[in-house]
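Colleague: fold the following.
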Amino acid sequence: MAFATPPAGIGTRRLVVGAHYGVGNFLLQRLTALVLVVFFAILGLRLALAGPLDYVAWASLFVPMWMKVLTLVALFALLYHAWIGVKDIWLDYVKPVWVRLTLQTLTALWLLACAVWSVQILWRV
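Modeller: Now for the predicted structure:
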């Protein structure tokens, strides 16, 4: 049985691009969610053991360096998690390129401003 040659553009020489980006974003979003689950479990345990909460007790939760580092990692995981989700929304539902790029730029700037503000708050404690 003889096989016909495939039409032009199909076969081993065909270049497929962009097919793997969705899987990478999916896995990164699950990884950031796992980091957030671990952080909130530790924070919840520390809150349960802290007793009555006032400002001093709340602030003292974040005094140890390991808690500041863990909070910083969780913060960046949250921001990256949000970036992936919102970026995918803009890519899927906003069709005019200039609107999509404007929204992505504003989203990135907003998340960056939130990161700077959060780091300032965290390191004041």
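
Colleague: can you list the buried residues in the helix or strand of the chain with the lowest mean pLDDT?
Modeller: Sorting the helices and strands of the chain by mean pLDDT, DSSP states H and E puts helix 55-61 at the bottom, at a mean of 89. Buried residues in helix 55-61, counting neighbours by 16 or more other Cβ atoms under 10 Å, are found at residue 61. (C-beta placed from N, C-alpha, C; glycine too.)

Colleague: centre of the chain to it, how far?
Modeller: Distance of helix 55-61 from its chain centroid, counting by Cα atoms, centre = their mean, to the nearest Å, is 27 Å.

Colleague: what of stretch 114-125?
Modeller: From the chain centre to the centre of stretch 114-125 is a distance of 18 Å (Cα atoms, centre = their mean).

Colleague: show me how far the following helix or strand past the least confident helix or strand of the chain is from its chain's centre.
Modeller: Sequence-wise, the next helix or strand downstream of helix 55-61 (DSSP states H and E) is helix 65-93. Chain-centre distance of helix 65-93: 3 Å, with Cα atoms, centre = their mean.

Colleague: where does this protein dip in pLDDT?
Modeller: For the chain, the stretches with pLDDT under 70 are 1-20.

Colleague: distance-wise, check residue 99 relative to residue 74.
Modeller: Separation of residue 99 from residue 74 (Cβ to Cβ, to the nearest Å) stands at 32 Å.

Colleague: neighbour count for those two, which is higher?
Modeller: Higher neighbour count among residue 99 and residue 74: residue 74, with 19 against 11, using other Cβ atoms under 10 Å.

Colleague: residue contacts, that one?
Modeller: Listed by Cβ atoms under 8 Å, 6 or more residues apart in numbering, the contact set of residue 74 reads 35, 36, 39, 40.

Colleague: give me the element the second one is part of.
Modeller: The reference is to residue 36. helix 21-50.

Colleague: between that helix and helix 65-93, how big is the angle?
Modeller: 140 degrees (axes from the mean of the first three to the mean of the last three Cα atoms, to 10 degrees).

Colleague: tell me the helices and strands packed up against helix 21-50.
Modeller: Under the contact definition 3 or more Cβ pairs under 8 Å, 6 or more residues apart in numbering; DSSP states H and E, helix 21-50 sits against helix 55-61, helix 65-93.
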